[in-house]
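Q: sequence unavailable; structure follows:
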């Protein structure tokens with residue numbers, strides 16, 4: 001049943017007849033120093049590949065080395081792709097394979113209100129270690145997270161403080177869009193605390209921060225909570 005295909009290969013790949021064994025006619029490939037050509041017999045190819053890959057003496061070599069070892073003695077059209085697919089089905093190889101490209105953790109989508117206004121939910125970040133341009137080496141980014149996803153880029157310095165960011169926000173964002181309802185940032189809590197305090201100072205918002213279990217300051221609030 002393989003004879004018509006073998007004859008086609010013989011013409012296309014310049015095969016040379018060698019011998020007949022167990023009902024199969026073997027051919028050699030002229031350009032590979034007499035490598036034996038295997039007919040399209042799945043079990044035969046599987047057995048030979050297992051001999052070079054699965055046996056304890058083989059040691060489950062990688063795809064390229066297994067292909068190299070088999071190619072010393074055997075050949076068939078599309079051999080490289082066939083062996084690669086065989087390797088993908090080897091459970092031992094897949095379990096011990098090093099993952100050089102880890103899957104990326106999916107980003108968490110922050111839900112936005114249907115009637116969200118511009119720059120009411122903002123994300124603040126700093127792009128640092130940039131080449132100096134007109135004395136600046138950092139860019140402050142203020143992103144409208146909840147509405148338009150627009151972004152405001154403000155030049156600054158690596159040593160910028162929370163107070164200075166509050167000043168930039170008051171001068172470039174507040175006068176157009178007012179106070180935000182939520183601020184998102186991966187900076188440390190101290191940084192955000194300084195930003196919030198400085199912004200309140202700039203806008204003349206008085207803060208009277210108390211500590212826990214301090215009724216001298218917030219007695220009315222504690223009474224209402226009860």
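A: That came in fine, so what should we check first? Being a predicted model, the structure only gives us computed values, none of them experimental. Numbering: from 1, shown residues only.

Q: helix, strand or coil for the residue nearest to the spatial centre of the chain?
A: Centrality entry for the chain: nearest residue to the mean C-alpha point is residue 104, 3.5 Å, by C-alpha atoms, centre = their mean. Secondary structure, DSSP: H, G, I helix; E, B strand; the rest coil: residue 104 is coil.

Q: give me the domain ranges for this structure.
A: 3-95, 121-206 (automatic domain parsing).

Q: looking at those, which has the lowest confidence?
A: Mean pLDDT is lowest for domain 3-95 out of these, coming in at a mean of 74.

Q: what packs against the helix or strand containing residue 68?
A: Here residue 68, judged by DSSP states H and E, is contained in helix 63-71. With contacts taken as 3 or more C-beta pairs under 8 Å, 6 or more residues apart in numbering; DSSP states H and E, helix 63-71 sits against helix 42-53, helix 79-88. From N, CA and C alone the C-beta is placed, and that goes for glycine too.

Q: tell me which stretches of this protein form strands.
A: Along the chain, counting by DSSP state E, strands occupy 15-21, 24-29, 35-37, 74-75, 121-127, 138-144, 151-156, 182-184.

Q: what separation do you get for the nearest residue to residue 86 once chain neighbours are set aside and residue 75?
A: Leaving aside its sequence neighbours, residue 86 sits nearest to residue 49 (C-beta to C-beta, 6 or more residues apart in numbering; 5.4 Å). From residue 49 across to residue 75, the span is 13 Å (C-beta to C-beta, to the nearest Å).

Q: do the same with residue 184
A: Remark: distance between residue 184 and residue 75 (C-beta to C-beta) = 60 Å.

Q: pick out whichever of these two has more residues nearby.
A: Comparing residue 184 with residue 75 by other C-beta atoms under 10 Å, the one with more neighbours is residue 75, at 20 against 15.

Q: which residue packs closest to the more buried one, ignoring adjacent ones?
A: Nearest one to residue 75, counting by C-beta to C-beta, 6+ apart, is residue 35 at 4.4 Å.

Q: identify the bridge partners of the one you found.
A: Per DSSP bridges, the residues bridged to residue 35 are residue 29.

Q: let me see the contact set for the residue nearest to residue 86.
A: By C-beta atoms under 8 Å, 6 or more residues apart in numbering, the contact set of residue 49 is 66, 70, 83, 86.

Q: show me which helix runs longest in this protein.
A: Longest helix in the chain, counting residues (DSSP state H): helix 189-202.

Q: what packs against that one?
A: Counting contacts by 3+ C-beta pairs under 8 Å, 6+ apart, helix 189-202 packs against helix 162-169, strand 182-184.

Q: and these as a markdown table, adding distance to residue 110?
A: Shown next, in a markdown table, are the helices and strands packed on helix 189-202 (distance: least, C-beta to C-beta, whole Å):
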| stretch | distance to residue 110 |
| --- | --- |
| helix 162-169 | 20 |
| strand 182-184 | 7 |
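
Q: please identify the most buried of those.
A: Burial of the helices and strands packed on helix 189-202 is given as mean neighbour count (mean count of other C-beta atoms under 10 Å); helix 162-169 ranks first at a mean of 19.

Q: dump the residue contacts of the spatially closest residue to residue 133 that is not a sequence neighbour.
A: Leaving aside its chain neighbours, residue 133 sits nearest to residue 155 (7.4 Å; criterion: C-beta to C-beta, 6+ apart). Counting by C-beta under 8 Å, 6+ apart, residue 155 touches 133, 134, 136, 138, 139, 140.
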